[in-house]
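Engineer: my questions are about this predicted structure, shown below with the sequence.
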Amino acid sequence: MTEPLRIVGDGRDLPDGRVPDGLADKDLIELFRWLVLLRTFDERAVALQRQGRIGTYALYWGEEATQAGALYACDESDWVFPSYRQNAIGILRGVPASTVLAWWRGYGGRQGFWNPRDHRVGPICVPIATHLPHAVGVAWAAKIRKDPVASLAWFGDGATSEGDFHEGMNFASVFKTATVFFCVNNQWAISTPLSKQMATATIAEKAVAYGMPGVRIDGFDPLACYQATREALDRGRNGGGPTLIEAYCYRIGAHGTADDPRLYRDEAEIEKWKPLEPVSRFGGYLRRQGILDDAAEEQMRAEAKDTIAEAVKEMEAIEQPGLEILFDPVYASGRPWMFEEGLAELESVERAEAVKPIGPPTSSGAGEEGKTI
Amino acid sequence: MKANMVEALNRGLHEAMEADDRVVVLGEDVAKTGGVFRVTAGLQDRFGEERVVDTPLAEAGIIGTAIGMAVYGLLPVTEMQFDAFTYPGFEQIVVHAARYAWRSKGELPASIVVRIPYGGGVRMPELHSDSPEALFAHVPGLKVVCPSIPEDARTMILAAIEDPDPVIFMEPKKVYRASRVEIPDDPPFPLGNGYGVYNEYLSKARVAREGRNLAIISYGATVPICLQAAERLSSERGVESTVLDLRSLFPLDVEAIERVARSCGRALVVHEAPRSGGLGAEVSSLIHERCMLDLEAPVGRVAGFDVPFPQFANEDDYLPSVDRVLLGATRVLDF
């Protein structure tokens, strides 16, 4: 098994590699800022769920490098397609953080969704691996239109068992689309470990079956994520077709706030991986490079905290949408006749209790008490 | 010009691709051979390999990549080679195509057309003769349409491509080559003018025959069966029937359904898909809810049976025949 590509050391056993070409000091600082912002969002969202201010939330604590590193390698015109694990990636492309939080609070319409074309960020994809063919379609369409636009989709190790993973990979390689298949191998699909998910030693080797390069990198390393993605995008844009990236890491948190990993895995294993998590590790790397100090990091964290606090305020200021929200965005061409009947029916009865904003969690919600980090 | 349904669809696809270079055609064997039914014949020669594509054999891949293309700004028309081959792509249709508008504030619908040659009567092996339209009519966010004559086939494929929402386009393969009839030389509406100009072709039923005693409501390959039954009812019993060709299965043209049911006072719904939970149940229910006091008899149904479509040696036992439509009509008339 090849050793994953690693650039950022841990200040102890793992040596530091050199900064990838094309990244100036200010890029490194900006990338760190992205990591901090994603981390801040994630920790705040977990707290909001605990307080009953949003619904069930899928956390990504520890996977920030796979998101920020890969996105930093993309051009502004490239499209990215997140799964629910990358739910907040849009905030790095101009999607308001309050919109993402509102999605988790159960809002739809203009409160909880965005127009993917505005940000080149696909919607939060819930059904596993089904967004991979969309990423392929986008890059394929760009190729037909002669636009130098590439696409990237994130997915987990479990997603590689789905048919859409294989169909997406196959279409991309047959039509040589500039698509990066970015697999975040955190070794767990809820309670199912990697060994029960597949019989191959690595995920990267699955690329061989599709005639595309497969690259294995340290998923806790933002610079490895950046470099592998950048190389894949460059190759794709130059007609070299798609790439499969396996970002090897570990799911330090639970699958979601309703999940209790104590039921299926040894928590001691987490302690082995946690020191490798990307935010403190990249912070250390930047200090060794002499471009970050405690004061600068503190300021960055304070700014991120303010940004997310503001987003929480905006989310909580959203009023319960009216009844029209059920019907209006369903067809771009307008309401079919039975929608008017539905609206009339709802307007003629008292509004249901269940649609009022969610309250604090009840003590009977056993699953919701699960440990997360 | 004269055209059968295959030629009319082919003509419509040529016109759509000529009018708008965002239109692309994807499917299994659609390019070099022109599709197993030749609906896409000649398109690749005319519009090139980038816009008319033979894909790998993977329906979720075809529909999924088409959704991505639509999101980017193209207008993909996909072909499912046969009805039951759509099932591997079902998830992409239900969880993504139908929901992209809803998921994007109504601003970015998945503007794709999924063409499905469907139904029996052409002596095919297992799983080449299904009628899955009710599965799609039950999924919010889709439009489901089905022409029964060449002129409508050409008009409706053009309208489906122009419509911003995803359209499931059911093509009754039994009548693909049933008759060559006159269709207009020019497209039925100015192409590329956006929503509104063509909407009636995706939401309005067609009166195929007028009569005052019985409303026979159908779509697709059973429309000609209903017309034959109507002739016999006229000559043998002096009963005059209206035959309503639904054309749009979602949304249903409730005004037309109500109008013909009310004016005749008796109605029969005919389709070849299994009866339980089929379109006939929906049409019947609408009529009972809206026209109860105008009805002389409960609405009848003649449909396929709630069984797998049989091996073709017995397909004529399964498919609604003129005699079965007459039997159903007699029950409604003699109630």
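Structural biologist: Good, I have the coordinates.
Engineer: every contact and neighbour count from this point should use C-alpha atoms.
Structural biologist: Will do.
Engineer: the residue nearest to residue B:49 when sequence neighbours are not counted: what's it in contact with?
Structural biologist: The shortest distance from residue B:49 to any residue other than its chain neighbours is 7.8 Å, reached at residue B:31 (CA to CA, 6 or more residues apart in numbering or on different chains). Under the criterion of CA atoms under 8 Å, 6 or more residues apart in numbering or on different chains, the contact partners of residue B:31 comprise B:40-44, B:49, B:52-54.
Engineer: quick check on the residues you listed: which are buried?
Structural biologist: Listed as buried from the contacts of residue B:31 are B:40-44, B:52-54; burial here means 16 or more other CA atoms under 10 Å in any protein chain shown.
Engineer: per-residue pLDDT, the residue nearest to residue B:49?
Structural biologist: At residue B:31, the pLDDT value in this model is 98.
Engineer: which element is it on?
Structural biologist: For residue B:31, there is no helix or strand it lies in under DSSP states H and E.
Engineer: phi and psi next, for the residue nearest the centre of chain B.
Structural biologist: Most central in chain B under CA atoms, centre = their mean is residue B:146, positioned 1.4 Å from the mean C-alpha point. When read as degrees, to the nearest 10, the backbone of residue B:146 gives phi -160, psi 110.
Engineer: distance of it from residue A:273?
Structural biologist: In this structure, residue B:146 and residue A:273 are 57 Å apart, going by CA to CA, to the nearest Å.
Engineer: could you do residue A:28 as well?
Structural biologist: Taking CA to CA, one finds residue A:28 at 24 Å from residue A:273.
Engineer: which of the two has more neighbours?
Structural biologist: residue A:28 (19 against 15; other CA atoms under 10 Å in any protein chain shown).
Engineer: assign that one to helix, strand or coil.
Structural biologist: helix (DSSP: H, G, I helix; E, B strand; the rest coil).
Engineer: any idea how the chain splits into domains?
Structural biologist: You didn't pick a chain, so chain A it is. A:25-317, A:322-352 (automatic domain parsing).
Engineer: sorry, I should have been clearer: chain B.
Structural biologist: If you go by automatic domain parsing, chain B breaks into B:2-202, B:206-333.
Engineer: returning to what we had before: correct me if wrong: the residue nearest to the centre of chain B contacts residue B:222.
Structural biologist: No. Counting by CA atoms under 8 Å, residue B:146 stays clear of residue B:222, with 11.3 Å between them.
Engineer: bridged to residue A:192, which residues?
Structural biologist: residue A:189 (DSSP bridges).
Engineer: how many residues are close by it?
Structural biologist: With other CA under 10 Å as criterion, residue A:192 counts 13.
Engineer: residue 310: what secondary structure?
Structural biologist: You didn't say which chain, so I picked chain A. helix.
Engineer: same question for residue B:140.
Structural biologist: Once three-state DSSP is applied, residue B:140 turns out coil.
Engineer: ok, the residue nearest to it when sequence neighbours are not counted - how many residues close by?
Structural biologist: Once flanking residues are discounted, residue B:140 sits nearest to residue B:98: 6.6 Å by CA to CA, 6+ apart. When neighbours are defined as other CA under 10 Å, residue B:98 has 25 of them.
Engineer: what does residue A:248 give?
Structural biologist: Applying other CA under 10 Å, I find that residue A:248 has 23 neighbouring residues.
Engineer: surely it is in contact with residue A:188?
Structural biologist: No. Judged on CA under 8 Å, residue A:248 makes no contact with residue A:188 at a distance of 11.4 Å.
Engineer: look at residue 102 and report its pLDDT.
Structural biologist: Just going to use chain A. The model's pLDDT for residue A:102 equals 97.
Engineer: the chain in question should be chain B.
Structural biologist: On the pLDDT scale, residue B:102 gets 97.
Engineer: please apply the same query to residue A:1.
Structural biologist: 67.
Engineer: is residue B:272 located within a helix, as I assumed?
Structural biologist: No. Going by three-state DSSP, the assignment for residue B:272 is strand, not a helix.
Engineer: which residues touch it?
Structural biologist: Contacts of residue B:272 (CA under 8 Å, 6+ apart): B:119, B:131, B:222, B:303-304, B:319-320.
Engineer: just how off-centre is the one helix or strand residue B:77 maps to within its chain?
Structural biologist: Following DSSP H and E, one finds residue B:77 within strand B:75-79. Strand B:75-79 sits 16 Å away from the centroid of its parent chain (CA atoms, centre = their mean, to the nearest Å).
Engineer: quick one: buried residues of that strand?
Structural biologist: So for strand B:75-79, counting by 16+ other CA under 10 Å, buried means B:75-79.
Engineer: check whether that strand comes near chain A.
Structural biologist: No. Taking CA under 8 Å from any CA of the partner chain as the criterion, strand B:75-79 and chain A are apart, separated by no less than 9.8 Å.
Engineer: which secondary structure elements does that strand contact?
Structural biologist: strand B:23-27, helix B:59-72, strand B:113-118 (3 or more CA pairs under 8 Å, 6 or more residues apart in numbering or on different chains; DSSP states H and E).
Engineer: out of the ones you listed, flag the one nearest residue A:92.
Structural biologist: If you check each of these against residue A:92 by CA to CA, helix B:59-72 wins as the nearest, at 20.3 Å.
Engineer: pLDDT averaged over that closest one - what is it?
Structural biologist: pLDDT averaged over helix B:59-72 gives 98.
Engineer: and it, what does it pack onto?
Structural biologist: Checked by 3+ CA pairs under 8 Å, 6+ apart, helix B:59-72 has helix A:132-144, helix A:163-174, strand B:23-27, strand B:75-79 packed alongside it.
Engineer: could you rerun that using 7 Å?
Structural biologist: helix A:132-144, helix A:163-174, strand B:75-79 (3 or more CA pairs under 7 Å, 6 or more residues apart in numbering or on different chains; DSSP states H and E).
Engineer: just the CA coordinates for the first one, please, in CSV.
Structural biologist: Same thing as helix A:132-144. Output of helix A:132-144 as CSV, limited to C-alpha atoms (Å, rounded to 0.1, in the frame of the first residue of the first chain):
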residue,chain,number,x,y,z
LEU,A,132,-21.2,12.2,-8.8
PRO,A,133,-22.9,11.9,-12.2
HIS,A,134,-24.0,15.6,-11.9
ALA,A,135,-20.4,16.7,-11.4
VAL,A,136,-19.5,14.6,-14.5
GLY,A,137,-22.4,16.2,-16.5
VAL,A,138,-21.3,19.7,-15.6
ALA,A,139,-17.7,19.1,-16.7
TRP,A,140,-18.9,17.3,-19.8
ALA,A,141,-21.2,20.2,-20.7
ALA,A,142,-18.4,22.7,-20.2
LYS,A,143,-16.3,20.6,-22.5
ILE,A,144,-19.0,20.6,-25.2
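Engineer: what comes into contact with it?
Structural biologist: When contacts are defined by CA atoms under 7 Å, 6 or more residues apart in numbering or on different chains, helix A:132-144 is touched by residues A:81, A:148-153, A:164-165, A:168, A:172, A:177-179, B:50, B:61, B:64-69, B:71-72, B:74.
Engineer: next, the buried residues of that helix.
Structural biologist: Neighbour-count burial for helix A:132-144 [16+ other CA under 10 Å]: A:132-144.
Engineer: quick one: it to strand B:23-27, angle?
Structural biologist: 130 degrees (axes from the mean of the first three to the mean of the last three CA atoms, to 10 degrees).
Engineer: noted, bye for now.
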